[in-house]
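In: Quick one, what's the 3D model for this:
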Amino acid sequence: MAKHIGIVYCERIQDTSCVGCAKCYKAVNENTFAFEDAGDVRVVFKCGCGDCPGLVVPKVDLQMTVLDALDVTVDEIYFGTCVKKATTLMNCPMNVEGVTQVMEEKFGVPVHMGTHDY
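Out: Numbers count the residues shown, from 1 in each chain. Sure, this is the predicted structure:
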């Protein structure tokens, strides 16, 4: 059975340095980087962080509500590499550790940082 994942991307970087999240999809489809040895992985949602300062939890909550109505489960959530770059290099104000903890508690799935190293 495929592992269902969601990817949260940075609204300031996506479509600027990483057009259409093509690098994330490449890593998922080829089981590389964060998805190495993960087996069959399917992206079931992709959503933005909510822009600075970020309203990511309400956005993911809405996404989870929609998926629930479609009988689709989510096994893991990933912050895209663009979020990693934004928080480490571009002074993104998101408290990633705090948001990660809130999302893991609220949605009951692991949350990871980064999807690829392209």
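
In: Tell me who's in contact with the residue nearest to His4 when sequence neighbours are not counted.
Out: Closest residue to His4 apart from its sequence neighbours, by C-beta to C-beta, 6 or more residues apart in numbering: Val44 at 4.5 Å. C-beta: built from backbone N, CA, C; applies to glycine. Contacts for Val44 (C-beta atoms under 8 Å, 6 or more residues apart in numbering) come out as 4-6, 67, 72, 74.

In: Tell me which strands the helix or strand harbouring Val44 pairs with, and in which orientation.
Out: Using DSSP states H and E, Val44 sits within strand 41-48. Strand 41-48 pairs in its sheet with strand 3-9 (parallel), by DSSP bridges.

In: Moving along the chain from the partner strand, name the first helix or strand you hit.
Out: Beyond strand 3-9 on the C-terminal side, the first helix or strand identified by DSSP H and E is helix 22-29.

In: Run the chain-centre distance for that next one.
Out: 12 Å (C-alpha atoms, centre = their mean, to the nearest Å).

In: which residues are contacting the lengthiest helix in the chain?
Out: Taking DSSP state H as the criterion, the chain has its longest helix at helix 56-69. Residues from elsewhere that reach helix 56-69, judged by C-beta under 8 Å, 6+ apart: 6, 8, 44-45, 47-50, 73-74, 77, 94, 99, 102-103, 106-107.

In: try 6 Å this time
Out: 8, 45, 47, 49-50, 99, 102 (C-beta atoms under 6 Å, 6 or more residues apart in numbering).

In: Can you give me the buried ones in it?
Out: For helix 56-69, the neighbour count (16 or more other C-beta atoms under 10 Å) marks 56, 59-60, 63-64, 67 as buried.

In: picking up where we left off before, buried members of the contacts of helix 56-69 into PyMOL, please.
Out: Here is the PyMOL command that picks out the buried ones among these, judged by 16+ other C-beta under 10 Å:
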select buried, resi 8+45+47+49+50+99
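
In: contacting residues around the residue nearest the centre of the chain?
Out: Most central in the chain under C-alpha atoms, centre = their mean is Ile7, positioned 2.4 Å from the mean C-alpha point. For Ile7, the contacting residues are 24, 46, 78, 80, by C-beta under 6 Å, 6+ apart.
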